[in-house]
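# quick one, fold the following:
(chains A, B and C)
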Amino acid sequence: MKAMALKEALDQVRATTPLLHCITNYVTVNDCANAVLGCGGSPIMSDEVLDVEDITTICGGLVLNIGTLNANTIQGMRKAASRATELGHPIVLDPVGAGASALRTETASELLDEYGVSIIRGNMSEVKALAGASSSTRGVDVDPSDAVSDENLVASAQFAKGVAARTGAVVAITGVIDIVADAAHAFAIRNGSPLMGKITGAGCMLSCITGAYAAANPGSLLEAALAAVAGMGVCGQIAAARMEPADGNGSFRTYLLDAIYNLQGDVLEQRAALDKI
Amino acid sequence: MKAMALKEALDQVRATTPLLHCITNYVTVNDCANAVLGCGGSPIMSDEVLDVEDITTICGGLVLNIGTLNANTIQGMRKAASRATELGHPIVLDPVGAGASALRTETASELLDEYGVSIIRGNMSEVKALAGASSSTRGVDVDPSDAVSDENLVASAQFAKGVAARTGAVVAITGVIDIVADAAHAFAIRNGSPLMGKITGAGCMLSCITGAYAAANPGSLLEAALAAVAGMGVCGQIAAARMEPADGNGSFRTYLLDAIYNLQGDVLEQRAALDKI
Amino acid sequence: MKAMALKEALDQVRATTPLLHCITNYVTVNDCANAVLGCGGSPIMSDEVLDVEDITTICGGLVLNIGTLNANTIQGMRKAASRATELGHPIVLDPVGAGASALRTETASELLDEYGVSIIRGNMSEVKALAGASSSTRGVDVDPSDAVSDENLVASAQFAKGVAARTGAVVAITGVIDIVADAAHAFAIRNGSPLMGKITGAGCMLSCITGAYAAANPGSLLEAALAAVAGMGVCGQIAAARMEPADGNGSFRTYLLDAIYNLQGDVLEQRAALDKI
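Numbers count the residues shown, from 1 in each chain, chains lettered A, B, ... in the order given. Here you go, the predicted structure:
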């Protein structure tokens, strides 16, 4: 992956202001909307089955985040995903808490199987649950035994490539070390900050940003996911560097949004710590 | 409009702490609640059809924001609007995304036609869609071709007055230049900051603040809307002036809430850039 | 109550990272999640009846907050409460707006009567409504005539002990002076800041933090509630001390989350202003 591709992917978001349809949980939805605006997109949230078809139609991409599923929202997700698939819009699936409940695991799996999901973005426990490969869980956090490390990096990359091959989606598994892979290539990204796990929504925001990048770069989904994931990691580092002694996760959240808003392509290029595995 | 009327409208909110019933979208609801508290009101959020009648009854005003409509919420909106109309409470309608989907356009139109809406607060694309005058849309943002400018200011004011005449509501169309009108008078407001379009919820917050102003000044709805809209613009300018180089839309959101909280009547009076058209 | 017990309760949260199932309103849910993370817990939000049983099962405690009740959520609350009761998990009930509508009063009462509620956390108007002792209300704020003061402190403590005796729950009534009581003991806490009433969600955040403390200290629920309530008050004071002239409730919210994140047991011990009544 040439660094230039990351910059181009980012610049394309800011140049085109893609409309992004987000069906996402009510916990972090405000941060998701501000993150999409900050990265250069324009978010619309809509989950009602009677509304989603019209909204998806005017957008350039769709994000499905199952963080606070309910029966009505599932209907909305299906209808939106069906329409987005029909229109060839990129779909990002964030399987929040897959493995933590049957409803989450089954809904995420159904969405993946039935519709044209372009990118899966989750932590390793969630992606394993989605792949039928694990039953351990720490709720919405990664189970420590699943975390990607230098020791299991090659195996983790193989796993990600396997999921990509089976599903046809780009797979973005984020954690201390992020992995982004399609069926043929896998990359490790070593940006980010431990503080990102101390706020709610860093993963949800990233999934929405990934949706904006994909909507602006529909022909280069691997590059779009790499730029979004590396960019979020760089923003986490920039935000962490602003922390003062009295600051905590309240300030970090603000700084992270600020960093997303201010991130420029050349900074992303210089700071992205990205290796082919 | 004498500047003093703006100060009086603001002071009346802080003096009476009006209870405000908000049925609003889950994206920006937290900022809406903090904005209402900041301007001097007391918000209650309730959308369940079994709950809304009791809640509206103890409040002094109602805000209906269709940003994340669903079938249940629509039922709640109808029941609350019916009760508020019966009680003569001011109702503010925010037609978020009208024009972007049939459900949104139809629901907003129905609420406007069937209940005693006192103030409509939206961007020009939304108000045009509500008035049956346009089909262009940029989702929840104004379509550039609809934006109020010096060139189309008189025509825009005429349009706003026409909508006010037909509906009996005060019309507040916000953008780079804001227009606030009743059937007989129209005003242009040139406060605000481009940063307000870079956060989610500036419009939703304004609609809720307008509801608080209307609830505290039920006999002077035009003045209430003018004070709320001009006040929000002034707050946007105050917030923008606090921005440091590393700040982005995360910090701007915080600064905007801070400015709403600290806004005093004399500052509003001095800084409101308000012209009769 | 020895101060050391407060420190131990706090340290236990940070040492064990309890998973906490929160069914809470969509207004303040983001702040609740960040507050739980900040105090050392791990929150999961889930309200769908098909999801809650699995989620409660993997957690160590449950919070039921009725701030934006709807018919579906009530079903979810019942199922989650039933399962948590079965498993012996601590349940915190936050009766937001009890007294303001029949639905809220009845739902809160039913949850209290039918399931094993461990801790009730509300303002005095809400707890009175729950106890069938009052019909006055200021929506989601305490009615001034209900506020705990030096004048009515002994009577208020008696009332709290009475509710605790009848329900078997620890009762935490928060306001200018907080009261925390079980059937045998009552304590007054004089920490906090008036700014806590100027943001939405200080009470909701406290209920979730209380849930995290209870989940980490299931055998010492009175101490858990005391540590959570006193800790929140200390955090309010720390946050208030950071306020600059241009700051308002936007910044205060951030500072409050920061303080929760940074609170250490020895600071809690030194600053908790706690008296046996």
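# C-alpha only now, for contacts and for neighbours.
Fine.
# residues touching A:Ala241, list them.
By C-alpha atoms under 8 Å, 6 or more residues apart in numbering or on different chains, the contact list for A:Ala241 is empty.
# now the helices for the stretch 151-277 of chain A?
Using DSSP state H, counting those that start in this stretch, the helices of the stretch 151-277 of chain A run over A:153-167, A:202-216, A:221-241, A:249-262, A:265-271.
# need those helices in TSV (columns: distance to C:Asp146 and mean pLDDT).
As requested, those are exported to TSV (distance: least, C-alpha to C-alpha, whole Å; pLDDT from 0 to 100):
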stretch	distance to C:Asp146	mean pLDDT
helix A:153-167	59	97
helix A:202-216	41	98
helix A:221-241	44	98
helix A:249-262	32	98
helix A:265-271	56	97
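# for burial, what's the neighbour tally of the residue of chain A found nearest chain B?
Residue nearest to chain B within chain A (C-alpha to the nearest C-alpha): A:Asp258, separated by 3.9 Å. Other residues near A:Asp258 come to 26 when the count uses other C-alpha atoms under 10 Å in any protein chain shown.
# can you say which of the helices of the stretch 151-277 of chain A is packed in most?
Of all these, helix A:202-216 has the most neighbours on average by mean count of other C-alpha atoms under 10 Å in any protein chain shown, namely a mean of 30.
# state the phi and psi torsions of the spatially closest residue to A:Ala212 that is not a sequence neighbour.
Counting by C-alpha to C-alpha, 6 or more residues apart in numbering or on different chains, the nearest residue to A:Ala212 once its immediate chain neighbours are dropped is A:Gly41, at 5.8 Å. Main-chain dihedrals, A:Gly41, degrees, to the nearest 10: phi -100, psi -180.
# contact partners for A:Gly41?
Listed by C-alpha under 8 Å, 6+ apart, the contact set of A:Gly41 reads A:Val13, A:Arg14, A:Thr16, A:Thr17, A:Pro18, A:Leu19, A:Leu20, A:Ala212.
# near chain B, which residues of the stretch 151-277 of chain A?
Contact residues, the stretch 151-277 of chain A versus chain B (C-alpha under 8 Å from any C-alpha of the partner chain): A:Arg253, A:Thr254, A:Tyr255, A:Leu256, A:Leu257, A:Asp258, A:Ala259, A:Ile260, A:Tyr261, A:Asn262.
# tell me if I'm right that the second one and B:Tyr255 touch.
Okay, so that is A:Thr254. No - checked against C-alpha atoms under 8 Å, the pair A:Thr254 and B:Tyr255 is beyond contact range at 11.1 Å.
# circling back: distance to B:Asn34 added to the residues of the stretch 151-277 of chain A next to chain B, as TSV?
Shown next, in TSV, are these (distance: C-alpha to C-alpha, whole Å):
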residue	distance to B:Asn34
A:Arg253	17
A:Thr254	16
A:Tyr255	20
A:Leu256	21
A:Leu257	19
A:Asp258	20
A:Ala259	24
A:Ile260	24
A:Tyr261	23
A:Asn262	26
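# closest one to C:Glu269 out of those residues, please.
Of all those, C:Glu269 sits closest to A:Arg253, with 28.1 Å by C-alpha to C-alpha.
# leaving out chain neighbours, which residue sits closest to the closest one?
A:Arg253's closest residue in space is A:Ile199 (C-alpha to C-alpha, 6+ apart), at 6.7 Å.
# from A:Cys32, how far off is the one you found?
Using C-alpha to C-alpha, to the nearest Å, A:Ile199 is found at 13 Å from A:Cys32.
# for the residues of the stretch 151-277 of chain A next to chain B, which one is nearest A:Val170?
Within these, the smallest distance to A:Val170 is 22.3 Å, found for A:Ile260 (C-alpha to C-alpha).
# which residues touch the closest one?
A:Ala35, A:Gly38, A:Cys39, A:Gly231, A:Met232, A:Cys235, B:Gly248.
# least trustworthy helix or strand in chain A by mean pLDDT?
Counting by mean pLDDT, DSSP states H and E, the weakest-scoring helix or strand in chain A turns out to be helix A:3-16, with a mean of 92.
# ok, and what's touching it?
Contacts of helix A:3-16 (C-alpha under 8 Å, 6+ apart): A:39-41, A:212-213, A:216-217, A:223-224, A:226-228, A:264-266, A:268-270, A:272.
# who has more neighbours, A:Ile199 and A:Cys32?
Per other C-alpha under 10 Å, whichever of A:Ile199 and A:Cys32 has more neighbours is A:Cys32, with 29 against 24.
# so which bits of the strand or helix carrying the more buried one are buried?
Take DSSP states H and E as the rule and A:Cys32 turns out to sit in helix A:29-39. Buried residues in helix A:29-39, counted by 16 or more other C-alpha atoms under 10 Å in any protein chain shown: A:Val29, A:Asn30, A:Asp31, A:Cys32, A:Ala33, A:Asn34, A:Ala35, A:Val36, A:Leu37, A:Gly38, A:Cys39.
# counting by contacts, list what it packs against.
Under the contact criterion of 3 or more C-alpha pairs under 8 Å, 6 or more residues apart in numbering or on different chains; DSSP states H and E, helix A:29-39 touches helix A:3-16, strand A:42-45, helix A:202-216, helix A:249-262, helix B:249-262.
# rewinding a little: sheet partners, orientation included, of the next helix-or-strand element following the least confident helix or strand of chain A?
Tracing the chain C-terminally past helix A:3-16 and defining elements by DSSP H and E, one meets strand A:19-23 next. Its sheet considered, strand A:19-23 pairs with strand A:42-45 (parallel), strand A:61-65 (parallel) by DSSP bridges.
# export the first one as PDB, just CAs?
Read that as strand A:42-45. The C-alpha coordinates for strand A:42-45 follow below in PDB (Å, rounded to 0.1, in the frame of the first residue of the first chain):
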ATOM      1  CA  SER A  42     -22.500  14.200   5.600                       C
ATOM      2  CA  PRO A  43     -24.400  11.700   7.800                       C
ATOM      3  CA  ILE A  44     -28.100  10.900   7.900                       C
ATOM      4  CA  MET A  45     -29.400   8.600  10.600                       C
END
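# starting at the chain centroid, how far to that strand?
Relative to its chain's centre, strand A:42-45 lies at 15 Å (C-alpha atoms, centre = their mean, to the nearest Å).
# what about the most centrally placed residue in chain A, distance to chain C?
The residue lying closest to the centre of chain A (C-alpha atoms, centre = their mean) is A:Ser207, at 2.4 Å. The spacing between A:Ser207 and chain C, counted by C-alpha to the nearest C-alpha, to the nearest Å, is 17 Å.
# am I right that that residue is in contact with A:Ile66?
No - at 11.4 Å, A:Ser207 and A:Ile66 do not qualify as touching, with contact defined as C-alpha under 8 Å.
# hang on, the earlier thing: what's the pLDDT at the residue nearest to A:Arg253?
On the pLDDT scale, A:Ile199 is placed at 98.
# start to end distance for stretch A:235-252?
First-to-last distance for stretch A:235-252 - C-alpha to C-alpha - comes to 11 Å.
# quick one: contacts of the helix holding A:Cys32?
Contacts for helix A:29-39 (C-alpha under 8 Å, 6+ apart): A:10, A:13-14, A:42-44, A:201, A:204-205, A:208-209, A:212, A:257-258, A:260-263, B:26-28, B:198-200, B:248-250.
# do stretch A:211-228 as well
A:1, A:5-7, A:9-10, A:12-13, A:16-20, A:36, A:39-41, A:60-63, A:89-92, A:118-119, A:170, A:172, A:180-182, A:206, A:209-210, A:268.
# who wins for proximity to C:Val163 among the helices and strands packed on helix A:29-39?
helix A:249-262 (35.2 Å).
# indicate the residue of chain A located nearest to chain C.
Nearest to chain C, among the residues of chain A, is A:Gly248, at 3.9 Å (C-alpha to the nearest C-alpha).
# which residue packs closest to that residue, ignoring adjacent ones?
Nearest one to A:Gly248, counting by C-alpha to C-alpha, 6+ apart, is C:Asp258 at 3.9 Å.
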